[in-house]
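>>> Here is the input, now give the coordinates:
(chains A, B, C and D)
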Number of protein chains: 2
Amino acid sequence: MAITPAAGSSRSASVKDVAATAGVSLGTVSNVLNRPDRVSRTTRERVERAMADLGFVRNESARSLRTGSTHSLAYVMLDAGNPFFTDVARGIELAAETAGLSLFLCNSDGRSAREGAHLAHLQQQRVQGILITPVDPDDPQIDQLIERGTPVVIVDRTRAGSSFCSVAVDDVLGGRLAVEHLIDVGHRRVAYVGGPASIGQVRDRGEGARQAWAEAGLPPEDLVTLSCEAPTVASGRAAGERLVGLPARRRPTAAFCANDLIALGLLQQTISSGRTVPGDLAIVGYDDIEFAAAAAVPLTSVRQPRHDLGRRAAELLLDEVGNPAHQHEQVLFTPELVARSSTRGRSS
Amino acid sequence: MAITPAAGSSRSASVKDVAATAGVSLGTVSNVLNRPDRVSRTTRERVERAMADLGFVRNESARSLRTGSTHSLAYVMLDAGNPFFTDVARGIELAAETAGLSLFLCNSDGRSAREGAHLAHLQQQRVQGILITPVDPDDPQIDQLIERGTPVVIVDRTRAGSSFCSVAVDDVLGGRLAVEHLIDVGHRRVAYVGGPASIGQVRDRGEGARQAWAEAGLPPEDLVTLSCEAPTVASGRAAGERLVGLPARRRPTAAFCANDLIALGLLQQTISSGRTVPGDLAIVGYDDIEFAAAAAVPLTSVRQPRHDLGRRAAELLLDEVGNPAHQHEQVLFTPELVARSSTRGRSS
DNA sequence: GTCCGTTCCTAAATCGTTTCATCGGAGGTC
DNA sequence: GACCTCCGATGAAACGATTTAGGAACGGAC
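Predicted coordinates:
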């Protein structure tokens, strides 16, 4: 039996300790760990016994220092509080799990500084690759990561230069779908409630909205843009208050929101101030998160294939990590409008 | 200037390369990194210049191998798709950021196997400490972590033995509050819609419900328990269908759901099947996530201080990591009922 | 009895960083 | 001018795993 105490010792057991306990050399222990077929059954069992007795846990730092490769990926999320991104993350997780890598989730919370800190740390950790929904896809730190050898895949954004892969959904088209739908059901004065213009998705969806508006031959001044501080439920409520403040003549009869969180906030404020949806205000959201269908008035929304978005992104990253002949690819998914009561009528 | 190419070289620059480029010794580079005040200004600048030119990135594996300590914590979440846990995570993040540690989020998704894999990997990574909302707090793997020297704090659960810290909310009390409220507003036949009984929170909330019911002197058979496969929106919808299937005489007039996701699903199914809330069915949720207030009918819910829960848990972990005189502590927060339209009447 | 081929194991070098004992030189003191 | 002190910089020795070249033991064939 083992001589060393089984657990609770001040320093955790190393291969050396295991070797000593099992009465074999270091290399043999390593072989048991990495190439068990090269070790005879009796020796292997003796070593495994020693590992169990000592509570041996491989030191990943040493391992990856020597082999030069960690076994992990990371996804830097723009907003972990937004179900859209957790769904994307789930798709990524699935692919990572299948490939036997572990995935670390980091949350930048929309703040460049946090994002930068995460990226720096991940780079120091030498993760195999990074998936990121960036605050700003043009951030030079992203290029720097790639130059220094960490593969990066941009999720839910694209960029002109193609020094990396990206997976996104056509946000301009999504914006068009939303506004075309509102025009279809008869609205002629519409608000686009976006988050801060610093967010690319917000700009693109707004651009799509403008295109649809212009193509319908409607006067530009009747598509008003309200921008929020952040794409959150609270901002949506605040936007609702601003909307009410407008003189009735100029008040929009419908709102297209840059995401479902804003839309839910706007919906909540509208209803609690005694107005009706879609009677007084029709609302279209974006993302079609699970809660959109469960809202006070089920929300019309632009659906993105969020799970596939994540899965595809992870697959591209894994290819880039493992396949020397990897070609960068810019995948663009197509969004889809899901019409519900918030734009259609009273029935759910 | 630097002789070595600035970037894109096959192998990233090490301290040795920096030392050679700057014309100093290894130790000096390390001093610049770790104790800059011990290095003269001119030398320091020369070294910093070399680091910039070479695109030097510290290798965290080597660093933590040598120092024996990483600079990271991890939170293993039960369900990243549930806003309750992402809010808890946000509280943890805040505390970790303040302490200058980085936080890895892992998602067990309610599956023991995934949780185990994450824990094993984190242990190999030698993270400083682990916060976890476990699938099962009695899992021996958790004790094993502690025995082998990784501090663990249990979040949103407690356990009798106190070989670790925990931060939780009094779920039995929460269950009582919910059911007392339903009794108060006149309900005499109530359903408890729980997730799978394997989840401790589900059991405790049910226990509280039973206690309140018994204390009110109501017959036990009028508090029916419906258990779902998983605490999700989809399960809530399914539970709604089962509820409708009951004969009118035995059908509950109110439902207390083990969390808000179930409640939202139930609410959605109830309304879309043409019944009203709270007229045909009053609903109480649990967690008071942001979406509860924005639901079809604003949801009465039992609020947990989720942000504080996370923050406090992280503080306890940080104390355990840094303070040799650390005492394990079992923190219990008190939940609070937030009454809204789903149990009260028509006005919001 | 020698030679050869397996099979199984050993010993030593290595990854990149930190740390610690040491050392050279500049400047001050007697 | 000898001696001491400090400051700043040095170089070797770790940390714990993997890898590779090589060696001992053993059996079988000639």
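>>> list the contacts for whatever residue of chain A ends up closest to DNA strand D?
Nearest residue of chain A to DNA strand D, counting by Cβ to the nearest atom of the strand: A:Ser14, 2.9 Å away. (Each C-beta comes from the backbone N, C-alpha and C, glycine too.) For A:Ser14, the contact set (Cβ atoms under 8 Å, 6 or more residues apart in numbering or on different chains) comprises A:56, A:59.
>>> 10 Å - rerun?
A:20, A:26, A:29, A:54, A:56-59, A:62 (Cβ atoms under 10 Å, 6 or more residues apart in numbering or on different chains).
>>> Surely A:Ile262 and A:Arg205 touch.
No: using Cβ atoms under 10 Å, A:Ile262 is not in contact with A:Arg205; the gap is 11.1 Å.
>>> if I look at these two, which residues touch both of them?
A:194-195, A:256, A:286.
>>> Leaving out sequence neighbours, find the closest residue to the residue nearest the centre of chain A.
Against the mean C-alpha coordinate of chain A, by Cα atoms, centre = their mean, the closest residue is A:Phe85 at 3.9 Å. Counting by Cβ to Cβ, 6 or more residues apart in numbering or on different chains, A:Met77 is the residue found nearest to A:Phe85 once chain neighbours are left out, at 4.7 Å.
>>> which stretch of helix or strand covers A:Tyr286?
A:Tyr286 belongs to strand A:282-287 when assigned by DSSP states H and E.
>>> Which PyMOL command selects the buried ones in the contacts of A:Ser14?
If you want just the buried ones from those in PyMOL, going by 16 or more other Cβ atoms under 10 Å in any protein chain shown, the selection is:
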select buried, chain A and resi 20+29+54+56+57+58+59+62
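>>> So which of the contacts of A:Ser14 are in helices?
Per DSSP state H, helices hold the following members of the contacts of A:Ser14: A:20, A:26, A:29, A:54, A:62.
>>> ok, the last one to B:Arg189 distance?
For A:Ala62, the distance to B:Arg189 under the criterion Cβ to Cβ, to the nearest Å works out to 62 Å.
>>> how much space between the residue nearest to A:Phe164 when sequence neighbours are not counted and chain B?
Leaving aside its sequence neighbours, A:Phe164 sits nearest to A:Val152 (Cβ to Cβ, 6+ apart; 5.0 Å). Using Cβ to the nearest Cβ, to the nearest Å, one gets 15 Å for the distance from A:Val152 to chain B.
>>> Next one, pLDDT for A:Val152 please.
A:Val152 carries a pLDDT value of 95.
>>> A:Arg344 too?
A:Arg344 is assigned 84 on the pLDDT scale.
>>> Number of residues surrounding it?
Residues lying near A:Arg344 (other Cβ atoms under 10 Å in any protein chain shown) number 16.
>>> burial of the residue in the stretch 151-300 of chain A positioned nearest to DNA strand C, as a residue count?
Closest residue of the stretch 151-300 of chain A to DNA strand C, Cβ to the nearest atom of the strand: A:Pro151 (18.3 Å). When neighbours are counted by other Cβ under 10 Å, A:Pro151 registers 22.
>>> tell me the contacts of it?
Listed by Cβ under 10 Å, 6+ apart, the contact set of A:Pro151 reads A:73, A:127-131, A:145, A:164-165, A:316-321, A:326, A:328.
>>> What separation is there between it and A:Thr133?
16 Å.
>>> Does A:Arg126 touch A:Ser64 like I think?
Yes: in terms of Cβ under 10 Å, A:Arg126 counts as a neighbour of A:Ser64; the distance is 6.6 Å.
>>> Could you tell me which residues touch both of those two?
Residues touching both A:Arg126 and A:Ser64 (Cβ under 10 Å, 6+ apart): A:70, A:72, B:59-62.
>>> Would you mind trimming these to those in range of DNA strand D?
Near DNA strand D, taking Cβ under 7 Å from any atom of the strand as the test, the members of the shared contacts of A:Arg126 and A:Ser64 found are B:Ala62.
>>> Let me know the closest of the shared contacts of A:Arg126 and A:Ser64 to A:Gln201.
Distance ranking of the shared contacts of A:Arg126 and A:Ser64 against A:Gln201, using Cβ to Cβ, places A:Ser72 first at 27.4 Å.
>>> elements contacting the helix or strand hosting A:Phe104?
Under the criterion of DSSP H and E, A:Phe104 resides in strand A:102-107. Strand A:102-107 sits against strand A:72-77, helix A:83-98, helix A:112-125, strand A:129-132, strand B:72-77, helix B:83-98, strand B:102-107, helix B:112-125, with contacts defined as 3 or more Cβ pairs under 10 Å, 6 or more residues apart in numbering or on different chains; DSSP states H and E.
>>> could I get the ones you listed as TSV with mean pLDDT?
Listed next are the helices and strands packed on strand A:102-107 as TSV, based on pLDDT from 0 to 100:
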stretch	mean pLDDT
strand A:72-77	96
helix A:83-98	95
helix A:112-125	94
strand A:129-132	97
strand B:72-77	96
helix B:83-98	94
strand B:102-107	92
helix B:112-125	93
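>>> Relative to B:Thr334, which of the ones you listed is closest?
helix B:83-98 (16.4 Å).
>>> Could you pull out the buried residues of the closest one?
Buried residues in helix B:83-98, counted by 16+ other Cβ under 10 Å: B:83-96.
>>> next one: that helix to chain centre, how far?
Its chain's C-alpha centre and that of helix B:83-98 lie 8 Å apart, by Cα atoms, centre = their mean, to the nearest Å.
>>> Alpha carbons of that helix, in CSV - could you do that?
Extracted in CSV, the C-alpha atoms of helix B:83-98 (Å, rounded to 0.1, in the frame of the first residue of the first chain):
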residue,chain,number,x,y,z
PRO,B,83,-31.0,34.6,-16.2
PHE,B,84,-31.0,34.0,-12.5
PHE,B,85,-27.6,32.4,-12.7
THR,B,86,-26.2,34.9,-15.1
ASP,B,87,-27.1,37.6,-12.6
VAL,B,88,-25.4,35.6,-9.9
ALA,B,89,-22.4,35.3,-12.2
ARG,B,90,-22.3,39.1,-12.6
GLY,B,91,-22.0,39.5,-8.9
ILE,B,92,-19.1,37.1,-8.8
GLU,B,93,-17.4,38.8,-11.7
LEU,B,94,-17.6,42.1,-10.0
ALA,B,95,-15.8,40.7,-6.9
ALA,B,96,-13.2,38.8,-9.0
GLU,B,97,-12.5,41.9,-11.1
THR,B,98,-12.0,44.0,-7.9
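>>> and the angle from that helix to strand B:282-287?
For helix B:83-98 against strand B:282-287, the angle by axes from the mean of the first three to the mean of the last three Cα atoms, to 10 degrees is 20 degrees.
>>> mind listing what A:Ser342 touches?
A:Ser342 touches A:254-255, A:263, A:266-267, A:270, A:277-278, A:281-285, A:292, A:295-301, A:348, counting by Cβ under 10 Å, 6+ apart.
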